[in-house]
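1. Have a look; sequence and predicted model below, questions after that.
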Amino acid sequence: MGAVAAWHFFGARTIAVDVDDNKLNIASKAGAGYTINTSRESMHDKLLDLTDGMGPDVVFEAIGLPQTFRAAVEEVAFAGRVVYIGYAKEPVSYETRLFVQKELEIMGSRNALPEDFRQAIRMLQNHLFPVEDAVSIIAPIEEAPGLLRAWTENPARFSKIMVTMD
């Protein structure tokens, strides 16, 4: 959601992909101009349709599944960029010829600079991120271990978990 909101904030045309309509609805509120529910439609066909047959210039992978890691490389445009935010909990096998044939730039992104936090604060101050929709639960810190276990066991159940430190 953060990547969608940030790129929308900077003026990019964003496409959110998921299997959950609720998460896609939140992504729309965060700035996704288009959404693709892969449980109902072909991501490949829809991406080609939305990008005049070229594929997206940049793909952010934020799920961390082997199939989404591979899909990012397969769907990005030639000379495109793939940015991995999520990380897979198991090994990922690639058709590495696509890295070379498509002349891809592949990056990982986990860290943020102070200016990134200032931008996020400005987005929140300007009400450009749907906090009320994105936060699944607000709980005291004492409940955090149980919620994190529940999130690990069923990540689709949560969007964001906010922990209070009262």
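-> Thanks, I have the structure now. These figures come from a predicted structure and were not determined experimentally. Numbers count the residues shown, from 1 in each chain.
2. Could you name the helices and strands sitting against the longest helix along the chain?
-> Counting residues, the longest helix in the chain under DSSP state H turns out to be helix 114-125. Packing contacts for helix 114-125, counted by 3 or more C-beta pairs under 8 Å, 6 or more residues apart in numbering; DSSP states H and E, involve helix 2-9. The way it works is simple: take the backbone N, C-alpha and C, and place the C-beta from them, glycine included.
3. now for the helix it packs on, which elements pack on it?
-> Judged by 3+ C-beta pairs under 8 Å, 6+ apart, the packing partners of helix 2-9 are helix 21-30, helix 114-125.
4. List the buried residues of the helix or strand following the longest helix of the chain.
-> Per DSSP states H and E, the first helix or strand lying C-terminal to helix 114-125 is helix 131-134. Neighbour counts over helix 131-134 (16 or more other C-beta atoms under 10 Å) mark 133-134 as buried.
5. Next SSE downstream of helix 131-134?
-> Under the assignment DSSP H and E, the closest C-terminal helix or strand after helix 131-134 is strand 135-140.
6. for the residue nearest the centre of the chain, what are its contacts?
-> Nearest residue to the geometric centre of the chain (C-alpha atoms, centre = their mean): residue 62, 4.2 Å. Residues near residue 62 by C-beta atoms under 8 Å, 6 or more residues apart in numbering: 3, 85-86.
7. This structure - how does it break down into domains?
-> Domain assignment for the chain by automatic domain parsing gives 2-108, 131-166.
8. Identify the bridge partners of residue 160.
-> For residue 160, the beta-bridge partners are residue 135 (DSSP bridges).
9. residues in contact with it?
-> Contact analysis of residue 160 by C-beta under 8 Å, 6+ apart lists 1, 134-136.
10. nearest to residue 96, of those residues?
-> For those, the residue nearest residue 96 by C-beta to C-beta is residue 1; the value is 30.5 Å.
11. how near is that closest one to residue 11?
-> Using C-beta to C-beta, to the nearest Å, one gets 18 Å for the distance from residue 1 to residue 11.
12. Looking at those two, which is more packed in?
-> Per other C-beta atoms under 10 Å, whichever of residue 1 and residue 11 has more neighbours is residue 1, with 21 against 8.
13. isn't the more buried one right next to residue 26, touching?
-> Yes - proximity of residue 1 to residue 26 meets the contact threshold set by C-beta atoms under 8 Å, at 6.2 Å.
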